[in-house]
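Engineer: Sequence unavailable; structure follows:
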């Protein structure tokens, strides 16, 4: 079964239990769960958003391609990005580490320092966690955020503009560069940095929260993640090729790697850009395309418009060390 | 470095970031973090407690000793027990699964059904999660609970009674029985059931919340976990041997296994009993001993009183498949 099939299986079994749960406004299936504080007797419309993300050595990172501090940083930011994608403000976090015997105390300290730096950067301190022994290093990070209104995957309307904050494709180029032993090339510096030190776009997420109809973060790849938004909203997302090709760092990295910049931009993950559907521009976002009637994802270039298969990374049918899919 | 040393390292690096964090009443170091909702503008003294626990195949369970449904159930209950130990009511949960290729879809469904059954049993639906591919099966469960007053490890006072809800030693006996291929013996049925289907003692936790000075759940072993309470409170915990030996199922299981019932009761983990220090009896708890001035854990028997080394299971110096330590 594909990863999507497995997520559907888990959703079917687990989410039946959450229907009608006290204060559960959004359960399995979005970037994060949304819980109403009114259900706890609070006044006003304050909400919690809550996500968990897990990074596993060999699947999401390789220790020869990232420093230990990068490993900690990246794992934290992957979770924080889910909170940003809901338009929420990160509040605090828990970290669950599984540590094998060949990760020594100095390495563990570097991982924790990377987590701490990321936590400081997004303003969400680590307030607890779990430490377990196991044969493979993994880091599960769970974050709580707060907001007055959570922006979901569903809600995009035909006529909305499609807007993006951050960049796409660079992190995948950085991973390719590291895998090819080209991490030190000046033309690949921005790409390597994008992969090693991604940033959850928290201020951009807060800025779009009051206007956006729908939002996603780009963790698995633009076509894949915008495809989730289109599917959940029952619309078609149209992307402008010219916008995707306007990133000079991406063009330079693609040239140095002999890779397609467009392919990297459409299918590369882990940049944690935010993409929103909104009738008006969101501060800090640039126009990426628009929402139309229909289904799926279309790419509009100089020679017309063509459908883009949202082939994101799938852990269960592929072995590329990229991306995590959640629910 | 021991697991305790590693937890201290993580605490040092990570908790400096949480001091002064908005609404963070208890950070790293207790069974769960405690967050004030007043910090979000809520009236009244409502609090969130928040924990994460992770179970890893080969460390916390073996697939030949537990059914897949048991694996899901146990992992959920281990997290729920932390919420119960704070005197809180479980609210909802997220589940992060790492699934290797040799766990097929039927197995995954059974794991999810076990999680779902446990979630139903404690009233905390799974509202989201994460699915990742990796070489080793692991299940990280994070739970939110709510309470008006969280009961911590610290706070026990000399003169308090020491009270216990639930049982100790049986789960460890059950694991021994399964490892020895004796899981089907009638005299070991209660023990095997205790290991396969532990229950977080949520009603007992709620009942003690208004009277207890301090509380822990017994995940790593009675001596170890009560030792945490004694250390955090700066007191000595005195356990009555006669109470520990009064469990007929434990005595029968120990006899069938050629093991020491006292050793199982003092050092066996994963029963998820609750132990509280309280000046008055807590409903549903029986007396286990008392809190005295001093330090550490003492066992009081017919021939007097002796100190008990709180040797819980330590992942980083031992290989026994038992227990998880958290912070």
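Structural biologist: Here it is on my side, so go on. Owing to the predicted nature of the structure, the values given are computational and were not obtained by experimental measurement. Numbering: from 1, shown residues only, chains lettered A, B, ... in the order given.
Engineer: Just list the residues touching residue A:34, thanks.
Structural biologist: Residue A:34 is in contact with A:24-26, A:47-50, A:86, A:150, A:152, counting by CB atoms under 8 Å, 6 or more residues apart in numbering or on different chains. No exception for glycine: its C-beta is placed from N, CA and C like everyone else's.
Engineer: Against residue A:234, how distant is it?
Structural biologist: 20 Å (CB to CB, to the nearest Å).
Engineer: repeat for residue A:90
Structural biologist: Going from residue A:90 to residue A:234 by CB to CB gives 30 Å.
Engineer: Out of those two, name the residue with the larger neighbour count.
Structural biologist: The neighbour comparison of residue A:90 against residue A:234 (other CB atoms under 10 Å in any protein chain shown) goes to residue A:90, with 27 against 13.
Engineer: What sits closest to the more buried one if chain neighbours are left out?
Structural biologist: Closest residue to residue A:90 apart from its sequence neighbours, by CB to CB, 6 or more residues apart in numbering or on different chains: residue A:124 at 3.5 Å.
Engineer: So what's the residue count around that neighbour?
Structural biologist: Residue A:124 is flanked by 28 other residues according to other CB under 10 Å.
Engineer: Could you pull up phi and psi at it?
Structural biologist: Dihedral angles of residue A:124 (phi, psi; degrees, to the nearest 10) stand at phi -130, psi 90.
Engineer: I'd assumed residue A:88 was in contact with it.
Structural biologist: No: between residue A:124 and residue A:88 there is no contact under CB atoms under 8 Å: 10.4 Å.
Engineer: list residues touching both of these two?
Structural biologist: With CB under 8 Å, 6+ apart, residue A:124 and residue A:88 have common neighbours residue A:145.
Engineer: per-residue confidence at residue A:312?
Structural biologist: In this model, residue A:312 is scored at 56, pLDDT.
Engineer: Let me fix that, I meant to ask about residue A:256.
Structural biologist: 96.
Engineer: now the strand or helix carrying it, how far from the chain's geometric center?
Structural biologist: Assessed by DSSP states H and E, residue A:256 sits inside helix A:248-257. Relative to its parent chain, helix A:248-257 has a centroid offset of 22 Å by CA atoms, centre = their mean, to the nearest Å.
Engineer: Would you map the helices across the stretch 51-200 of chain A?
Structural biologist: A:68-85, A:105-122, A:170-179, A:189-196 (DSSP state H, counting those that start in this stretch).
Engineer: Turn these into JSON lines, including mean neighbour count.
Structural biologist: Shown next, in JSON lines, are those (neighbours: other CB atoms under 10 Å in any protein chain shown):
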{"stretch": "helix A:68-85", "mean neighbour count": "28"}
{"stretch": "helix A:105-122", "mean neighbour count": "20"}
{"stretch": "helix A:170-179", "mean neighbour count": "25"}
{"stretch": "helix A:189-196", "mean neighbour count": "23"}
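Engineer: I'd like those helices written out as JSON lines, with mean pLDDT added.
Structural biologist: Below are the helices of the stretch 51-200 of chain A laid out as JSON lines (pLDDT from 0 to 100):
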{"stretch": "helix A:68-85", "mean pLDDT": "98"}
{"stretch": "helix A:105-122", "mean pLDDT": "97"}
{"stretch": "helix A:170-179", "mean pLDDT": "95"}
{"stretch": "helix A:189-196", "mean pLDDT": "96"}
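Engineer: Give the buried residues for the helix holding residue A:256.
Structural biologist: Buried residues in helix A:248-257, counted by 16 or more other CB atoms under 10 Å in any protein chain shown: A:249-254, A:256-257.
Engineer: Next: stretch A:12-29.
Structural biologist: A:13-15, A:17-18, A:21, A:23-29.
Engineer: Check the residues you listed against residue A:288 and report the nearest one.
Structural biologist: Nearest to residue A:288 among the buried residues of stretch A:12-29: residue A:29, at 23.5 Å, using CB to CB.
Engineer: Just confirm that closest one contacts residue A:10, I think it does.
Structural biologist: No: here residue A:29 does not reach residue A:10: they are 10.4 Å apart, not a contact under CB under 8 Å.
Engineer: Can you name the element that comes right after the helix holding residue A:256?
Structural biologist: Per DSSP H and E, the helix or strand that comes after helix A:248-257 is helix A:261-267.
Engineer: what's in contact with that next one?
Structural biologist: By CB under 8 Å, 6+ apart, helix A:261-267 touches A:168-170, A:172-173, A:221-224, A:239, A:241, A:244-245, A:247, A:250-251, A:253-255, A:299, A:308, A:311-312.
Engineer: With stretch A:171-183 instead?
Structural biologist: By CB under 8 Å, 6+ apart, the residues outside stretch A:171-183 that reach it are A:65-66, A:185, A:188, A:190-196, A:198, A:221, A:250, A:253-254, A:256-257, A:259, A:264, A:267-271, A:321-322.
Engineer: ok, 7 Å please
Structural biologist: Residues from elsewhere that reach stretch A:171-183, judged by CB atoms under 7 Å, 6 or more residues apart in numbering or on different chains: A:65, A:185, A:188, A:191-196, A:198, A:250, A:253-254, A:257, A:259, A:264, A:268-271, A:322.
Engineer: Around the residue of the stretch 151-300 of chain A found nearest chain B, how many other residues sit close by?
Structural biologist: At 10.8 Å from chain B, residue A:219 is the closest residue in the stretch 151-300 of chain A, using CB to the nearest CB. The local packing of residue A:219 (other CB under 10 Å) involves 27 other residues.
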